[in-house]
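Colleague: The following comprises the amino acid sequence and a computationally predicted model.
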Amino acid sequence: MGDYTPEVATASVPTSTEKQVDVSVRSSSGVLYHQLRNAPLNIVGGRGSYLITEDGLEILDATCGAAVSCLGHSDERVHEAIVDQLKKIPYCYSMFFTNSAAESLAKFLVDSTGGKMSRAYIVSSGTEAVEAAVKMAIQYYTELPVPQPKRVNIIARNTSYHGNTLGSLAVGHHAARRRIYESLLTKNVSHVPQCYPYRRMNPNETNDAYVERLAQELEDEFQRLGPDTVCAFVAETMPGATLGCVPPLPGYLKALKAVCERHGALLILDEVMSGMGRTGTLHAWEQEDVVPDLQTIAKGLGAGYAPIAGLLINKHVVDTLNKGTGAFVHSQTYQGHPVACAAAYKVQQIIQDDNLLPNVRAMGEYLGQRLHERLDSHPHVGEVRGRGLFWAMEIVQDKETKEPFPGSKGISRILHATGLKPRHAISLMPGNGAVDGANGDHIILAPPYNTTREEIDLIVEKTVQVIKEVLG
């Protein structure tokens, strides 16, 4: 088993059709594609869990894009809400005005936390939400009755992802995404190890001992930097794309929050991917019994019907600003966009009205069960892990040693491209670099919240077929 190497492409990764697509097919396109030499499939429609290409192929969207389309595609109720808002007012500038759609969405979000988070700052992307969170953390310490201007350092985690602007990229730590921009990134962000039991937990180490070790590593970093210079610790409540759906061990986030509280630093939880219902509760931190000081949300907030994200702010942070300058020194042109807010508010109403969170929990448990049954014994599936409707399979070259495939082989991208071939017609989300920033592959499944057992069975069957075709 350890010596077996599947026959995979090591040069260019195939595109999503049966044969390589020549970019000249769309030579007149003005779009800067992610892969400039490969024209992607053109999606012209969507229905439920399926995407429809221009040549009529129906692709099972087993990932909701990037864990975004949590209601599936083309829910008429959201369409109607968008059109209604367009007829009222499509845009107004939030520096001068508020609007009813933003007010309704913000109140829903605050109420959903039981008032623990007392304000919502609505922006257009998860990256923008992270930028706002970091700025809020810095400003918070200038607004205290006794200001603490030395608190300018941020601690985050290795193999994390928090966005692609320079500020959010600095907070994240995915080597391949950062590499060519390192010279531009701020140097006041440092990183500690992830909670990654599959690879980082020592033999015979208990969960409690591992959590204690991780908390000590955070404590050590506070001490290295100087505890009174740290403004915030930033972590994904449950890592997604870069690490592959690793649930936090019991007590892990509580232990890290305790370190932050001991030194007076803020806890920022990034729930852009794992939040708004994806892991079974509206806020992923609810399952950990940990309330953050700042929280970012995005993908499941608007289900892809409009670009929208948000920063939720703990009451004590809002109170501090209110007693200080009374203003947040930050703004975005499209923050609180009426159409985006109306779309997101309707999405959240549907999640409640259709009782979808219990379905996420039930179908998530079923998805995990089926994946374990079908793939635990596969020689190149190192681990199946997840929570709610957020699951990943880590792919390895040798199951016994956990040796990853070389990043140059592009295994996860080949799995994705193979899935899009008409004989499989399934969209899988590839991820790489989890081991050291360059090596390590996984694929993610993140079906819509209204998925069914029959659909889960189909997703698992197609996923297994793809893995077998690529890896044997």
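Modeller: Done, it's in. This one's a predicted model, so the numbers in the text were calculated from it and none came from an experiment.

Colleague: Pro149: neighbouring residues, count only.
Modeller: Residues lying near Pro149 (other CB atoms under 10 Å) number 9. (Glycine included, C-beta is placed from N, CA and C.)

Colleague: quick one: contacts for it?
Modeller: Contacts for Pro149 were tallied using CB atoms under 8 Å, 6 or more residues apart in numbering; they are 141-142.

Colleague: Quick check: Lys107 is in a strand.
Modeller: No: Lys107 sits outside any strand when classified using DSSP: H, G, I helix; E, B strand; the rest coil, being helix.

Colleague: I'd like to know how far it sits from Glu182.
Modeller: 42 Å (CB to CB, to the nearest Å).

Colleague: likewise Leu86?
Modeller: The gap separating Leu86 from Glu182 is 43 Å, by CB to CB.

Colleague: just checking, next helix/strand downstream of the lowest-mean-pLDDT helix or strand in the chain?
Modeller: Here the helix or strand of the chain ranked lowest by mean pLDDT, DSSP states H and E is helix 175-178, holding a mean of 87. Where DSSP states H and E defines the elements, the next helix or strand beyond helix 175-178 is strand 189-192.

Colleague: how about that next one: buried residues?
Modeller: Neighbour-count burial for strand 189-192, with 16 or more other CB atoms under 10 Å as criterion, is recorded at 189, 191-192.

Colleague: Show me where the stretch 201-350 of the chain dips below the pLDDT cut-off.
Modeller: Low-confidence regions of the stretch 201-350 of the chain, defined here as pLDDT under 70, do not occur.

Colleague: residue closest to the middle of this protein?
Modeller: For the chain, Met273 is the residue whose C-alpha lies nearest the centre (CA atoms, centre = their mean; 2.6 Å).

Colleague: Need phi/psi at that one.
Modeller: phi -100, psi -40 (degrees, to the nearest 10).

Colleague: what's near enough to touch it?
Modeller: Residues near Met273 by CB under 8 Å, 6+ apart: 66-67, 126, 236, 238, 240-241, 298-299, 390.

Colleague: which of those lies closest to Ala101?
Modeller: Closest approach to Ala101 among these (CB to CB): Ala298, at 17.2 Å.

Colleague: Correct me if wrong: the closest one contacts Ser125.
Modeller: Yes: applying CB atoms under 8 Å, one finds Ala298 in contact with Ser125, separated by 6.6 Å.

Colleague: related to what we said a few turns ago, buried residues in the least confident helix or strand of the chain?
Modeller: Within helix 175-178, the residues scored as buried using 16+ other CB under 10 Å are 177-178.

Colleague: Quick check: what element follows the one helix or strand Ala66 maps to along the chain?
Modeller: Using DSSP H and E, the element containing Ala66 is helix 64-67. Next along the chain after helix 64-67, taking DSSP H and E as the criterion, comes helix 76-88.

Colleague: Number of residues surrounding the closest residue to Ala255 other than its chain neighbours?
Modeller: Spatial nearest neighbour of Ala255, excluding adjacent residues (CB to CB, 6 or more residues apart in numbering): Ala215 at 4.1 Å. Number of residues near Ala215 (other CB under 10 Å) recorded here: 19.

Colleague: residues contacting the closest residue to the residue nearest to the centre of the chain other than its chain neighbours?
Modeller: Leaving aside its sequence neighbours, Met273 sits nearest to Gly240 (CB to CB, 6+ apart; 3.7 Å). Residues in contact with Gly240 (CB under 8 Å, 6+ apart) are 67, 161, 273-274, 390, 444.

Colleague: and the helix or strand hosting Ile313, what other elements does it pack with?
Modeller: Using DSSP H and E, Ile313 maps to strand 309-314. Where contact means 3 or more CB pairs under 8 Å, 6 or more residues apart in numbering; DSSP states H and E, strand 309-314 is packed against helix 100-112, strand 117-123, helix 126-143, strand 294-297.

Colleague: if you compare the ones you listed, which one is most tucked away?
Modeller: Among those, strand 294-297 has the highest mean neighbour count (mean count of other CB atoms under 10 Å), at a mean of 29.

Colleague: Just after that strand, pick out the following helix or strand.
Modeller: Taking DSSP H and E, what comes next after strand 294-297 is helix 299-302.

Colleague: partners of the strand holding Ile313, with directions?
Modeller: strand 117-123 (antiparallel), strand 294-297 (antiparallel) (DSSP bridges).

Colleague: quick one on the thing from earlier: show me what the least confident helix or strand of the chain is packed up against.
Modeller: Contacts defined by 3+ CB pairs under 8 Å, 6+ apart place helix 175-178 against helix 166-171.

Colleague: my guess is Ala342 meets Ile82, correct?
Modeller: Yes: contact between Ala342 and Ile82 holds when scored by CB under 8 Å: they sit 6.3 Å apart.

Colleague: ok, these two, which is more surrounded?
Modeller: Ala342 (30 against 17).

Colleague: can you tell me the helix or strand for the more buried one?
Modeller: Element membership of Ala342, judged by DSSP H and E, is helix 338-353.

Colleague: Which stretches in the stretch 301-450 of the chain count as helices?
Modeller: With DSSP state H, counting those that start in this stretch, the ranges of helices along the stretch 301-450 of the chain come out as 315-323, 338-353, 356-375, 411-419.

Colleague: Domains of the protein: list them as residue ranges, please.
Modeller: 43-74+356-471, 76-354 (the TED database).

Colleague: avg pLDDT for the shortest one?
Modeller: What it means is domain 43-74+356-471. On average, the pLDDT along domain 43-74+356-471 is 97.

Colleague: Quote the end-to-end distance of it.
Modeller: 28 Å (CA to CA, to the nearest Å).

Colleague: Can you give the distance from that domain to the centre of its chain?
Modeller: With CA atoms, centre = their mean, to the nearest Å as the basis, domain 43-74+356-471 stands 15 Å off its chain's centre.

Colleague: This completes my enquiry, with thanks.
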